[in-house]
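**Q** Coordinates for the following, if possible.
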Amino acid sequence: SSCDKCDFEADLCKAFHELNLESGWIRRNGQSGMGPPYSDHRGNESAYFLSLSTDMQSSSATLRTNVFLPTDEDHICQITFHYWISQMNGMLIVGLQKHSEDTITNIWQVSGELQNQWKSNTITINSTEKYEV
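**A** Residues are numbered from 1 along each chain as shown. Predicted coordinates for the structure are as follows:
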């Protein structure tokens, strides 16, 4: 019945760095002088998006969402996101962690696509308990 939108214009959209450590994720726009992408997925050069810091080339970085409530037939969760991979060895993984479990289950991933263009994906999540993505 409700939908939250996040465009990173003001903040990290209730997401936080894993273990509150500096994770390598930075909020920037196409005018930052950091190289591609030079705009967001709509072509707006001044719009903000998240990017890995250039000194994190060979490392991984995690960003967690806030806690979502369980889903059912009346309350589904769909997450749509736009992504850009500019390294051949780059990999983006979306994981799900239910509150009763210690492990994170990978629910989507993409890797090795040197596309240098924005792509989009939508994931539907079904969980009978609280979870984070």
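**Q** how about the strands of the protein, start to end?
**A** Ranges of strands within the chain are 16-17, 25-29, 48-52, 63-64, 77-83, 91-98, 105-111, 119-125, 131-132, based on DSSP state E.
**Q** among those, which is nearest His41?
**A** Among those, strand 77-83 comes nearest to His41, with 4.0 Å by Cβ to Cβ. Any C-beta I mention is one placed from the backbone N, CA and C, and that applies to glycine too.
**Q** so what strands line up beside the closest one?
**A** strand 119-125 (antiparallel) (DSSP bridges).
**Q** Show me the contact partners of the strand it pairs with.
**A** 41, 68, 71, 76-84, 94, 96, 107-108, 110, 113, 131, 133 (Cβ atoms under 8 Å, 6 or more residues apart in numbering).
**Q** try it again with 10 Å
**A** Around strand 119-125, the neighbours that count as contacts under Cβ atoms under 10 Å, 6 or more residues apart in numbering are 41, 68, 71, 76-85, 92, 94, 96, 107-108, 110, 113, 131, 133.
**Q** Next, the angle strand 105-111 makes with that strand.
**A** Orientation of strand 119-125 against strand 105-111 (axes from the mean of the first three to the mean of the last three Cα atoms, to 10 degrees) gives an angle of 170 degrees.
**Q** Dump strand 119-125 to CSV, restricted to CA.
**A** What follows is strand 119-125, C-alpha atoms only, in CSV (Å, rounded to 0.1, in the frame of the first residue of the first chain):
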residue,chain,number,x,y,z
LYS,A,119,21.0,-1.0,-16.7
SER,A,120,17.9,-1.7,-14.5
ASN,A,121,16.6,-4.6,-12.5
THR,A,122,13.6,-5.3,-10.4
ILE,A,123,13.6,-8.0,-7.6
THR,A,124,10.4,-9.3,-5.9
ILE,A,125,11.1,-10.4,-2.4
